[in-house]
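Colleague: Structure of the sequence below:
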Amino acid sequence: MGKNLKLKDCIRNIPDFPKPGILFRDITTLLKDKKAFKRAVDVLANKYRNKKIDVVVAVEARGFILGGIIAYKLGAGFVPVRKKGKLPWNTHSVTYSLEYGTDTLEVHTDAIKPGDRALIVDDLIATGATVKAVADLIKNLKGKIAGIAFLIELSELGGRKRLKGYPVYSLIKY
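Modeller: Numbers count the residues shown, from 1 in each chain. Sure thing, here's the model as predicted:
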């Protein structure tokens, strides 16, 4: 495999999950492949190596897997964004619309200092609603978004359009 390792080939496709008509892109097969996992993390981290990232902000749960490692590789702090009621201290929250309702995300009020350069990391971008909400949280705390990185982008769902004006990078595109 080596340099010719195709990361897209390491993603398992599961038809009709979580409901009929959906093709689920399962990253667990990439995560368990030590060469693919290392390559994916290295490529994502190297993309931001010279961007002076202060904090990596990631969304539960799969975003935590990549975000924590990338923060370590960049010498940055790690900021978890969680669903409502999961963080133990004072939080700032944002409620956003999904195709089937609403959801609320929270971050600790002291997680991002004014002027902090933040890199948002998540496993996948579909419609972009979740990461747009995270960007709003960061802006409300007066942080600066230095980049937004994804392992996978589902291009046909147009999530990148929702993040217009932000520097977005995705490693694998469908």
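Colleague: who touches the most centrally placed residue in the chain in this structure?
Modeller: Nearest residue to the geometric centre of the chain (Cα atoms, centre = their mean): Asp122, 1.3 Å. Going by Cβ atoms under 8 Å, 6 or more residues apart in numbering, Asp122 touches Ala58, Val59, Arg62, Gly63, Leu66, Gly67, Thr130, Val131, Val134, Ala149, Phe150, Leu151. C-beta: built from backbone N, CA, C; applies to glycine.
Colleague: do Thr28 as well
Modeller: Applying Cβ under 8 Å, 6+ apart to Thr28 gives the contacts Arg12.
Colleague: try 10 Å this time
Modeller: Residues in contact with Thr28, defined by Cβ atoms under 10 Å, 6 or more residues apart in numbering, are Ile11, Arg12, Arg62, Ile65.
Colleague: And for Asp123?
Modeller: 25, 27, 30-31, 58-59, 61-67, 150-152.
Colleague: shaky segments in this protein?
Modeller: By pLDDT under 70, the low-scoring segments of the chain are 1-5.
Colleague: What are the boundaries of the strands in it?
Modeller: For the chain, applying DSSP state E gives strands covering 12-15, 23-26, 55-59, 77-83, 91-98, 101-108, 117-125, 144-153, 168-173.
Colleague: For Gly147, give the beta-bridge partners.
Modeller: Under DSSP bridges, the beta-bridge partners of Gly147 are Leu119.
Colleague: and what of Val79?
Modeller: Beta-bridge pairing of Val79 under DSSP bridges involves Val57.
Colleague: contacting residues around Arg49?
Modeller: Residues near Arg49 by Cβ under 10 Å, 6+ apart: Lys73, Leu74, Gly75.
Colleague: of those residues, buried ones?
Modeller: Buried by 16 or more other Cβ atoms under 10 Å: Lys73, Leu74, out of the contacts of Arg49.
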